[in-house]
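> let's see this in three dimensions:
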Amino acid sequence: MSMHIAVAGNIGAGKTTLTKLLSKHYGWTPYFEDVDDNPYLSDFYEDMQRWSFNLQVYFLNSRFNQVLEIRKSGKTIIQDRTIYEDAYIFAPNLHAMGLMTTRDFDNYFSLFTLMSSLVQAPDLLIYLRASVPKLVQNIQQRGRKYENTIRLDYLKRLNERYEAWIGNYKNGKLLIIDVDNIDFAQKPEDLRIVINKIDAEIHGLF
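Just a heads-up that it's a prediction; the model follows:
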């Protein structure tokens with residue numbers, strides 16, 4: 001029985017770390033966000049207004065391809081970030097901040113609507129909920145150069161959009177993990193708590 005598990009959460013919530021830990025524990029194939037090979041990301045952080053549309057279309061295309069591959073693979077795959085997060089969180093936030101024009105946003109969102117209608121939602125969505133101070137702490141710890149300029153109000157806005165999206169999420173099974181009160185990266189007993197919750201959800205899928 002192959003499954004598509006996806007990990008969602010704000011910048012610095014711990015998605016990649018959890019994806020790695022779970023893929024190791026379960027023997028699942030991990031699919032990571034295409035950060036290092038993304039030709040737009042550093043330009044985007046330098047000039048968001050100029051590159052926002054290009055970046056979002058790149059992410060949309062990349063994730064759409066991932067979901068098609070996941071369903072064709074016949075394996076259980078855990079995906080770091082979903083196709084929905086750009087459309088419901090990042091792109092609307094850029095639009096609201098005046099960093100993406102209404103014309104570009106409408107064009108982008110109609111592309112997303114078409115693509116998302118052609119792919120299945122994850123069998124299980126794991127949402128990592130984190131406060132802004134926790135996100136900042138994690139971002140500083142990993143020290144990605146282009147993330148140094150991320151502002152607190154930007155993270156706060158993204159968090160608000162994440163909560164709104166998760167509050168209305170009806171596409172499939174959802175597991176929320178509050179990462180402020182748990183440290184699955186450093187504490188094996190905390191990882192065990194997460195795994196137990198995931199086991200309970202997965203057994204409910206059959």
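> going forward, measure contacts and count neighbours with C-alpha atoms only.
Fine.
> just for this protein, where's the confidence low?
Scanning the chain for pLDDT under 70 picks out the ranges 34-35, 146, 149, 205-206.
> if we use 80, what do you get?
With pLDDT under 80 as the threshold, the chain has low-confidence stretches at 1, 33-36, 142-151, 204-206.
> would you map the strands across it?
Counting by DSSP state E, the chain forms strands over residues 4-9, 29-31, 77-80, 124-129, 173-178, given from the N-terminal end onward.
> give me the contacts around the fourth one.
Residues external to strand 124-129 that are found in contact with it (Cα atoms under 8 Å, 6 or more residues apart in numbering): 4-10, 13-15, 166, 172-180, 201-202.
> please apply the same query to the shortest one.
Strand 29-31 is touched from outside by 19-20, 23, 66, 75-80, with contacts defined as Cα under 8 Å, 6+ apart.
> kindly recompute the last result at 7 Å.
Taking contacts as Cα atoms under 7 Å, 6 or more residues apart in numbering, the residues outside strand 29-31 that touch it are 19-20, 23, 76-80.
> buried members of those residues into ChimeraX, please.
The following ChimeraX command selects only the buried members of the contacts of strand 29-31, with burial defined by 16 or more other Cα atoms under 10 Å:
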select :19,20,23,76,77,78,79,80
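> out of the strands of the chain, which is the most enclosed?
Per-residue neighbour counts averaged over each of the strands of the chain give the maximum for strand 77-80, namely a mean of 26 (mean count of other Cα atoms under 10 Å).
> quick one: strands adjacent to it?
Each strand that strand 77-80 pairs with, and the sense of that pairing, follows from DSSP bridges: strand 4-9 (parallel), strand 29-31 (parallel).
> of all those, which one is nearest K197?
Checking the strands paired with strand 77-80 against K197 by Cα to Cα gives strand 4-9 as the closest, at 13.4 Å.
> ok so, going back, mind putting the contacts of strand 29-31 into JSON lines with distance to L125?
Formatted as JSON lines, the contacts of strand 29-31 follow (distance: Cα to Cα, whole Å):
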{"residue": "T19", "distance to L125": "12"}
{"residue": "K20", "distance to L125": "16"}
{"residue": "S23", "distance to L125": "15"}
{"residue": "T76", "distance to L125": "14"}
{"residue": "I77", "distance to L125": "12"}
{"residue": "I78", "distance to L125": "10"}
{"residue": "Q79", "distance to L125": "10"}
{"residue": "D80", "distance to L125": "10"}
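> what's the closest of the strands paired with strand 77-80 to N93?
Sorting the strands paired with strand 77-80 by Cα to Cα, the top spot, which is the nearest, belongs to strand 4-9 at 14.9 Å.
> quick one: the closest one to strand 124-129, angle?
With axes from the mean of the first three to the mean of the last three Cα atoms, to 10 degrees as the criterion, the two stretches strand 4-9 and strand 124-129 enclose an angle of 10 degrees.
> what's next to strand 4-9, contact-wise?
By Cα under 7 Å, 6+ apart, the list of residues contacting strand 4-9 from outside reads 15, 70, 76-82, 122-129.
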